[in-house]
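A.B. asks: I'd like to go over a predicted model; first the sequence, then the structure.
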Amino acid sequence: MDAHVDIRKEEREGRGRYVLAMPGGEEAYLTFVRSSPSHIVIDYSFVPPSARGRGVAARLVAYAVQDARDTGTRITPVCGYVAAEFRRHGEWADVLAR
């Protein structure tokens, strides 16, 4: 996996995704719902089977955390994978909604 491939954020009408284009045209992504201008709920993560086990989802979560820091947003992780990543990364507590 090329470390320089860009993750993009898409958002409209209160819903959004962090998306990473994969070789072959597939996409890995996290989806979220914006509950307020300063809060999102990450509700789903998906990585194509051919790319699993390579840290793709972890990169997406790290990107979402940095985006939250940059924009003053808090995150509620309801996706099981994302919640587990937050438990593993205590340094992300600054963007975790309580």
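C.D. replies: Arrived safely.
A.B. asks: to the chain's geometric centre, what's the distance from the biggest strand by length in the chain?
C.D. replies: In the chain, with assignment by DSSP state E, the single longest strand is strand 27-36. Relative to the chain's own centre, strand 27-36 is displaced by 7 Å; criterion: C-alpha atoms, centre = their mean, to the nearest Å.
A.B. asks: Report the buried residues of it.
C.D. replies: By neighbour count with 16 or more other C-beta atoms under 10 Å, strand 27-36 contains the buried residues 28-32, 34. Just so you know, the C-beta spots here come from the backbone N, C-alpha and C atoms, and that holds for glycine as well.
A.B. asks: After the biggest helix by length in the chain, which helix or strand is next? Please name it.
C.D. replies: Across the chain, the helix with the greatest residue count (assigned by DSSP state H) is helix 56-71. Next helix or strand after helix 56-71 toward the C-terminus (DSSP states H and E): strand 74-77.
A.B. asks: R8: which of the buried residues of strand 27-36 is nearest?
C.D. replies: Nearest to R8 out of these is Y29 (C-beta to C-beta; 9.7 Å).
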